[in-house]
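> Any chance you can model this:
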Amino acid sequence: MINILWLSMLAVVLVAAITDYRWQIIPNRLVRAGVLIALVEHTAWQGLYGLGVTLAVWALCLIIGFALWRVAPVGAGDIKLLAMMAAFVGAGNMLSILILALVLQLLARIIRARRGFSMAFAPALMVGSLLVFWYLFP
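Residues are numbered from 1 along each chain as shown. Reported below is the predicted structural model:
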């Protein structure tokens with residue numbers, strides 16, 4: 001069950017990372033589809049409890065994300081993607097992914113500082129997700 005949730009999330013985040021890298025946008029349709037998949041999967045395995053917890057985690061991460069969006073150098077699509085990812089894997093795992101992604105993004109910015117262009121955040125989220133997945137399921 002858990003592996004299916006993670007693999008579903010990784011598939012959606014991979015598409016988001018490629019799209020964000022190429023066009024600097026994360027489509028709302030993609031994020032909405034990801035949230036719907038997470039809700040269906042959690043409801044199928046955990047019933048109404050899973051549905052309620054998934055909605056609560058998603059909404060909480062969305063609210064916190066948009067509060068941080070005002071001060072952080074990320075786009076609204078990144079915030080929606082973070083909330084969608086939290087709906088799949090929960091707030092605890094999402095925090096681990098976010099910390100790894102922020103470190104990776106910081107390293108990438110330091111390495112590419114001379115070029116002076118904006119960098120997509122979804123690829124860093126993808127790598128962070130893969131690292132956490134690899135750690136949890138060796």
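
> which residues touch residue 20?
By C-beta atoms under 8 Å, 6 or more residues apart in numbering, residue 20 lies in contact with 26, 77, 78, 120, 121, 122, 123. (Glycine included, C-beta is placed from N, CA and C.)

> Which members of the residues you listed are positioned in helices?
77, 78, 122, 123 (DSSP state H).

> quick one: which of those is most hemmed in?
residue 122 (26 neighbours; other C-beta atoms under 10 Å).

> For whichever helix or strand residue 81 is part of, buried residues please.
If you go by DSSP states H and E, residue 81 is part of helix 76-111. Buried residues in helix 76-111, counted by 16 or more other C-beta atoms under 10 Å: 77-91, 93-94, 96-98, 100-102, 104-105, 108.

> Give the rounded mean pLDDT of it.
In this model, helix 76-111 carries a mean pLDDT of 91.

> tell me how far that helix is from the chain's mean position?
5 Å (C-alpha atoms, centre = their mean, to the nearest Å).

> Tell me the helices and strands packed up against the longest helix along the chain.
Longest helix of the chain, by residue count under DSSP H: helix 28-69. When contacts are defined as 3 or more C-beta pairs under 8 Å, 6 or more residues apart in numbering; DSSP states H and E, helix 28-69 sits against helix 2-23, helix 76-111.

> Kindly spell out which helices and strands sit in contact with the longest one.
In terms of contacts (3+ C-beta pairs under 8 Å, 6+ apart), helix 76-111 is packed against helix 2-23, helix 28-69, helix 122-136.

> ok and the last one relative to helix 2-23, angle-wise?
This means helix 122-136. For helix 122-136 against helix 2-23, the angle by axes from the mean of the first three to the mean of the last three C-alpha atoms, to 10 degrees is 160 degrees.
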